[in-house]
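Engineer: Provided below are the primary sequence and the corresponding predicted coordinates.
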Amino acid sequence: MDKVRADLEAYRQRKREEDAAAAVVTSKSIEEEPKRRRSESARPWIAHAYQLLDAIDPLDAWPLRKWRSSFDQSPTATLAATALLYLVGQIYFVWIEFGAVFFVFACLTGICLGLGSRRQGEVSAYSVFNSNCERLLGSMTAEHFERDMLHRKN
C-alpha cells in the first residue's frame, strides 16, 4: 500500500510539473492571441450558447432538488408518496394509452434521482471524473493486469 501511495504522489508531482511547464506562455501563443480573440468576437452567440449549456444541471432542477431535500428529512414518507404518485400516474397514462411512455420516463427519472452527488473533495470511483484522472488507491487497471499476466511464473 505504501508503494501505491508513493506512486500516486510521484504521479501527482509529475502532473504538477507538466501543468507548470504548460503554463509558460511562449512567444508564438502571444502572437496568436489577437487572431483567437478576433475569431471569438466574430461569433459571440456561440460562446454564450456554450456557457448556457455548461450551466444546465438537470439534476438540480426544482422538482428533483425538492424531492431530494424531502427524502433527506423523511425517506419513508417520501418513498410512499412517490410510489402513490407513480401508481396514479401509471393508471392514468395506461387509460390514455401512453402507459409505456410514462413507464420509460419514470424509469429514467428514478435513475436520475438515484445518482446522488459527491461532496466537495470526494473522489469518484471512475477516474475520468476526478481531477487529473486520479485513481482510487488499490484500483485494478489495465497496466496492473498486463503486468500480472506478463510476469506470471508458470
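Structural biologist: Yep, it's here.
Engineer: which residues are contacting the host helix or strand of D19?
Structural biologist: Per DSSP states H and E: D19 is located in helix 2-23. Helix 2-23 is touched from outside by 132, 134-135, 137-138, with contacts defined as Cβ atoms under 8 Å, 6 or more residues apart in numbering. Every residue, glycine included, has its C-beta placed from N, CA and C.
Engineer: and if we set it to 6 Å?
Structural biologist: 132, 137 (Cβ atoms under 6 Å, 6 or more residues apart in numbering).
Engineer: pLDDT averaged over it, what's the number?
Structural biologist: The pLDDT scores in helix 2-23 average 77.
Engineer: i'd like the first residue to be 59 from this point on
Structural biologist: Got it, the first residue is 59 from now on, which makes the last one we talked about helix 60-81.
Engineer: how about it: buried residues?
Structural biologist: Judged by neighbour count (16 or more other Cβ atoms under 10 Å), helix 60-81 contains no buried residues.
Engineer: Give me the neighbour count for L166.
Structural biologist: A count of nearby residues for L166, using other Cβ atoms under 10 Å, gives 10.
Engineer: pLDDT score assigned to it?
Structural biologist: Taking L166 on its own, its pLDDT is 90.
Engineer: Check E201 too.
Structural biologist: Reported pLDDT for E201: 80.
Engineer: same question, I149
Structural biologist: 96.
Engineer: Count the neighbours of it for me.
Structural biologist: The number of residues near I149, taken as other Cβ under 10 Å, comes to 11.
Engineer: So what's the gap between the helix holding D77 and the chain middle?
Structural biologist: 23 Å (Cα atoms, centre = their mean, to the nearest Å).
Engineer: As CSV, could you dump the C-alpha coordinates of it?
Structural biologist: C-alpha atoms of helix 60-81 as CSV (Å, rounded to 0.1, in the frame of the first residue of the first chain):
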residue,chain,number,x,y,z
ASP,A,60,2.9,2.3,0.7
LYS,A,61,4.2,1.7,-2.8
VAL,A,62,0.9,2.6,-4.3
ARG,A,63,0.8,5.8,-2.2
ALA,A,64,4.4,6.6,-3.3
ASP,A,65,3.4,6.0,-7.0
LEU,A,66,0.4,8.2,-6.6
GLU,A,67,2.4,11.0,-5.1
ALA,A,68,5.0,10.7,-7.8
TYR,A,69,2.2,10.9,-10.4
ARG,A,70,0.8,14.0,-8.8
GLN,A,71,4.2,15.6,-8.7
ARG,A,72,4.7,14.8,-12.4
LYS,A,73,1.3,16.3,-13.3
ARG,A,74,2.1,19.5,-11.3
GLU,A,75,5.4,19.9,-13.2
GLU,A,76,3.7,19.3,-16.5
ASP,A,77,1.0,21.8,-15.7
ALA,A,78,3.6,24.3,-14.7
ALA,A,79,5.5,23.8,-17.9
ALA,A,80,2.3,24.2,-19.9
ALA,A,81,1.5,27.4,-18.1
